[in-house]
Every structure is written in C-alpha cells, then in structure tokens.
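Student: take this sequence and fold it.
(chains A and B)
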Amino acid sequence: GENVEQHPSTLSVQEGDSAVIKCTYSDSASNYFPWYKQELGKGPQLIIDIRSNVGEKKDQRIAVTLNKTAKHFSLHITETQPEDSAVYFCAAPRGSYKLIFGSGTRLLVRP
Amino acid sequence: DSGVTQTPKHLITATGQRVTLRCSPRSGDLSVYWYQQSLDQGLQFLIQYYNGEERAKGNILERFSAQQFPDLHSELNLSSLELGDSALYFCASSPNLETRAEAFFGQGTRLTVV
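Tutor: Got it, this is the predicted structure:
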C-alpha cells in the first residue's frame, strides 16, 4: 500500500528530555525521507531530511536515523524546549511524484 | 517564510458554491503540489503539476480540479462544495519533478463551507 505509519500520535515530554518519533514505509524504492514541523495556524515547515545513502543526519538538537532494511526512520529531538511543541509529520515518496505523509505526532513539551 | 504564497488565507462559502484557491510557488520552482488537511488529520495529497503539466493525482474528488499556468502559479478549483470539504488546503513547491527534493509549503487557505 501507500501508507506511511507514524507513531506515537501524541507525545508529552518534560522540558530538557528527549523525544523520539518513528515512521515506517512500504515502498522499498523510497530514498528520501523528510520531516516537517507544523505549528498552530501555519503550514508545515521542513526541518530535516535524509537520503537513503546515509544512516543518520544531525542538525543541532535534531537528528534523523534511517534503517532501510527494516524500512523505518525516526526523528530524535534532544534537550526539548517549549517551542518544540508542534505537530510533526514524516513523509516518504511513493513512485516518482507523490510524497505520502504520516498521520502526524502532536508533541507537547511541558515547561 | 517559505517563499510559497497562497491566497486567500481564509474563505467562507456556502454549500453548492465554487471557489478558487491560488498558489504562487517559490521563485524558480517548477513543481507544485496541492494537499488537503482536515481537522486533526494528516496531509492528503491531491495533485501535482510540473511546468504546466499534471504529473500525479492522489485522492482528488471529481468536483475538484487544478491547473498550473505559464507563469507557474497554480489554482485549485473546488466546485459543488459540501460541508465535508471544509479543511486547510496547502500548496507546496519544489524545484524538481521528483519528490526526492525539498518541498516547501505555503501558509494554507482555510476553507469553511457553511
């Protein structure tokens, strides 16, 4: 199928703790995996992406890991801050032209 | 600011009506995507255009149509509107044809059908 499964649907963490969101995909040909952050009333914003020729990519407090064998990838946010509270979406290509999104994770960082 | 401009930001209309949503992609981007996001739902792919041509279709209703013009802006036309069409409609653009490239989203148009 075309599904990208994303878990958990909601995540509440204490400020300073880490948050991990996981996605699985079905198309073994997929080779590009972006993560988007959507704040209330705004459009999704690309925060990090990874291509299938690497297993991990980091950008300050955000990292993404990819396991092509298991067909899953994860977003890791360390030292969470209240401004990290948002809905996060993973995505994976389906064929050449479609980007399929996960169902989203609502992250709440408690001060 | 992603560089993708969508107008209008808000739209309230009655059932049975027809509306047009407009998207201006980032400068130089040839590919435009339309997505629908219902309340507390994920992003559902509707349709993609590349340099004026339709390239991919998702679960787009027959009442909906889109086009991309020579200046690369795109319009999404929604007709015979129903209450269930109320949603956020996002446009995204990327420089390439394939989705293996960064896609940048606009701020969306919130459509309310009453």
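
Student: give me the number of residues near residue B:32?
Tutor: Applying other Cβ atoms under 10 Å in any protein chain shown, we find 31 other residues in the vicinity of residue B:32. From N, CA and C alone the C-beta is placed, and that goes for glycine too.

Student: one more: residue B:13?
Tutor: Look at residue B:13: counted by other Cβ under 10 Å, it has 16 neighbours.

Student: which parts of the chain are strands?
Tutor: Picking chain A for this. A:4-7, A:10-14, A:19-25, A:32-38, A:45-51, A:56-59, A:62-67, A:72-77, A:86-94, A:98-101, A:105-110 (DSSP state E).

Student: please go with chain B instead
Tutor: B:5-7, B:10-13, B:19-24, B:31-37, B:44-50, B:53-57, B:64-68, B:74-78, B:87-94, B:104-105, B:109-113.

Student: just put those strands in JSON lines and tack on distance to chain A and mean pLDDT.
Tutor: Formatted as JSON lines, the strands of chain B follow (distance: least, Cβ to the nearest Cβ, whole Å; pLDDT from 0 to 100):
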{"stretch": "strand B:5-7", "distance to chain A": "8", "mean pLDDT": "97"}
{"stretch": "strand B:10-13", "distance to chain A": "11", "mean pLDDT": "97"}
{"stretch": "strand B:19-24", "distance to chain A": "11", "mean pLDDT": "98"}
{"stretch": "strand B:31-37", "distance to chain A": "7", "mean pLDDT": "94"}
{"stretch": "strand B:44-50", "distance to chain A": "5", "mean pLDDT": "92"}
{"stretch": "strand B:53-57", "distance to chain A": "4", "mean pLDDT": "91"}
{"stretch": "strand B:64-68", "distance to chain A": "14", "mean pLDDT": "97"}
{"stretch": "strand B:74-78", "distance to chain A": "15", "mean pLDDT": "98"}
{"stretch": "strand B:87-94", "distance to chain A": "6", "mean pLDDT": "94"}
{"stretch": "strand B:104-105", "distance to chain A": "4", "mean pLDDT": "92"}
{"stretch": "strand B:109-113", "distance to chain A": "9", "mean pLDDT": "97"}
